[in-house]
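Peer 1: Show me the folded form of this:
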Amino acid sequence: KTPLSRMRLRLDDESIDPEVREGFSHDIEEMLLLLESIQAYVESDGRSIQQEKIDVAVMAETLIDTVADQGADAIYTGASHLEIYARPISIRRSLSNLISNALHYGGNVRVIVRRDNSHAEIIVEDDGPGIPEDRIQDALQSFVRLDTARGRDTAGMGLGLAIVRKAVQAENGTLELMNRPEGGLRATIKLPLSNR
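Peer 2: As a prediction, this is how the structure comes out:
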C-alpha cells in the first residue's frame, strides 16, 4: 500500500490537470479495494485467531442501522440477542459483504437473525435479479465475477462471497445461496451456537 500512498501524495501537485487527478484518484481507490479484498480473503481462514463470545443479532442489527442511517433501504428483524462463539472480525466482514452485495445488486436488504435448534441462522435477502441458477455455485468461487450481474467497470475481484464462505466454514458453519421464488437472492448462514 505504500507505493499507492506515495502516488496519492503526488496527486496533490497543483500542476496536474484536475480531470487527470480525478482519474488517478479513482484508480488508486480501486487498487486499494482490490488489495483489501485479497488481504481479507487470505486472512478469512483465521483459524489462529481465538473465538470469542459474540452477539450476532446485535452485530447484524448494528450493520443494518449503519447503512439505513446512510439512506439505504435496509431492515432488520429477528432476535434482539443471540450469542455464539466465533471470530468476530471475520463474521462481521462476512455480514458486511452480504449486506453490501444485497444493496449493490438488489437495491435493498433485509436481515433476519434467529435461533434454529443448535444454530444461529442469519438470512440476508434482497429484491434484486438474483443469480442464474446454473451460476450459483460459480458465485461462491474465488475470483469469479458474474458478468450478467456486474459490469467490468465496477471495483472488485469476485472475492466477496468466497470470503464469506471461507469465514463461515472456519466456524463449522454453512452458507447457502438461493433465488427467492418472489424474486431476489437469499443468503443463509448457519453457525453453531457453540464451537467449544
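Peer 1: Output the below-cut-off pLDDT ranges for this protein.
Peer 2: Along the chain, segments meeting pLDDT under 70 span 1, 33-49, 138-160, 195-196.
Peer 1: Look up phi and psi at the spatially most central residue of the chain.
Peer 2: The chain has N97 as the residue nearest its centroid, 0.6 Å off, counting by CA atoms, centre = their mean. Here is the backbone geometry of N97 (degrees, to the nearest 10): phi -60, psi -50.
Peer 1: Any figure for the gap between it and A86?
Peer 2: Per CB to CB, to the nearest Å, N97 is found 15 Å from A86. The way it works is simple: take the backbone N, C-alpha and C, and place the C-beta from them, glycine included.
Peer 1: Likewise for V58?
Peer 2: Distance of V58 to A86, given as CB to CB: 13 Å.
Peer 1: Compare those two (neighbour count), which wins?
Peer 2: For V58 versus A86, neighbours defined as other CB atoms under 10 Å are more numerous around A86 (28 against 15).
Peer 1: correct me, but that one touches S194?
Peer 2: No. Between A86 and S194 there is no contact under CB atoms under 8 Å: 10.0 Å.
Peer 1: Overlap in contacts, those two.
Peer 2: Listed as contacting both A86 and S194 by CB atoms under 8 Å, 6 or more residues apart in numbering is no residue at all.
Peer 1: Please, which helix or strand holds the residue nearest to I136 when sequence neighbours are not counted?
Peer 2: Closest residue to I136 apart from its sequence neighbours, by CB to CB, 6 or more residues apart in numbering: L177 at 5.2 Å. Taking DSSP states H and E as the criterion, L177 maps to strand 174-179.
Peer 1: Let me see the backbone angles for D27.
Peer 2: Torsion angles, degrees, to the nearest 10, at D27: phi -60, psi -40.
Peer 1: just S118 next, same as before
Peer 2: phi -100, psi 20.
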